[in-house]
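Visitor: model this:
(chains A and B)
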Amino acid sequence: EVQLVESGGALVQPGGSLRLSCAASGLTFSAYWMNWVRQAPGKGLEWVANIKQDGSEEYYVDSVKGRFTISRDNGKNVLYLQMNNLRVEDTAVYYCATTTIFGLTMIPGEHWGQGTLVTVSS
Amino acid sequence: IVVTQSPGTLSLSPGERATLSCRASQSLSGSYLAWFQQKPGQAPRLLIYGASRRATGIPDRFSGNGSGTDFTLTINRLEPEDFAVYYCHQYGNSPLTFGQGTRLDIK
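Guide: Down below sits the predicted model:
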């Protein structure tokens, strides 16, 4: 059974930092692109960042560029999101999710974690 | 690429058919358009990818079609467990984007 388990969410003050983790099991972690997707309270889904299987490519939504860094450790089967200079508007549940790619076929979001809550408030 | 869903809310009865729309601001190459279902307190669940391919374990009453900029999710014979929020998602161009969601309510 595939499991993605996020951790690291907390209450943090504006300007603070936090590192989220997503521990993967039951799948060949190194075979998947990995994503972070967030959802502000009562709002819709927003894609935040993703990273290639070997970590050689990363992409971000404009609102987090220069503040957030996605990374992965394929030896430990863990995905990370380092979040610096946090803003009130970063308050959300943060999910990790897989993207499967084989040939020209991409399957986004086949597996999701349960999410971890980040609250940015003074 | 901006993806816009309509309607914002759809009120139907069990057994009816739901038709949800998603429009992209640019043509989606490769039909990289997916649909997700989300229930309160839960992570999203993938229903459709590649505009029309059902994900593993998804009942055949869910179907997707469309290409270019216009896409549709159809749910035939609504079951009580189908009432939820649905999101379309384009994943072919970075930044990846989601629609704002369509809430499917029980009438």
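Visitor: show me the contacts for residue 77.
Guide: Reading this off chain A. When contacts are counted by CB atoms under 8 Å, 6 or more residues apart in numbering or on different chains, A:Asn77 touches A:Ala23, A:Ala24, A:Ser25, A:Phe29. Bear in mind the C-beta positions are built from the backbone N, C-alpha and C, glycine included.
Visitor: not what I meant, chain B
Guide: B:Gly15, B:Glu16, B:Arg17, B:Arg61.
Visitor: cool, and B:Tyr91?
Guide: Counted by CB under 8 Å, 6+ apart, B:Tyr91 has contacts A:Thr99, A:Met106, A:Pro108, B:Tyr32, B:Leu33, B:Ala34.
Visitor: tell me which residue is most central in the chain.
Guide: Looking at chain A here, since you left the chain open. A:Trp36 (2.5 Å; CA atoms, centre = their mean).
Visitor: not what I meant, chain B
Guide: Geometric middle of chain B (CA atoms, centre = their mean) lands on B:Trp35, at 3.6 Å.
Visitor: did I read that right, it in a strand?
Guide: Yes - the assignment for B:Trp35 (DSSP: H, G, I helix; E, B strand; the rest coil) places it in a strand.
Visitor: tell me, how many residues neighbour the nearest residue to it once chain neighbours are set aside?
Guide: Closest residue to B:Trp35 apart from its sequence neighbours, by CB to CB, 6 or more residues apart in numbering or on different chains: B:Ile48 at 4.2 Å. For B:Ile48, the neighbour count with other CB atoms under 10 Å in any protein chain shown is 25.
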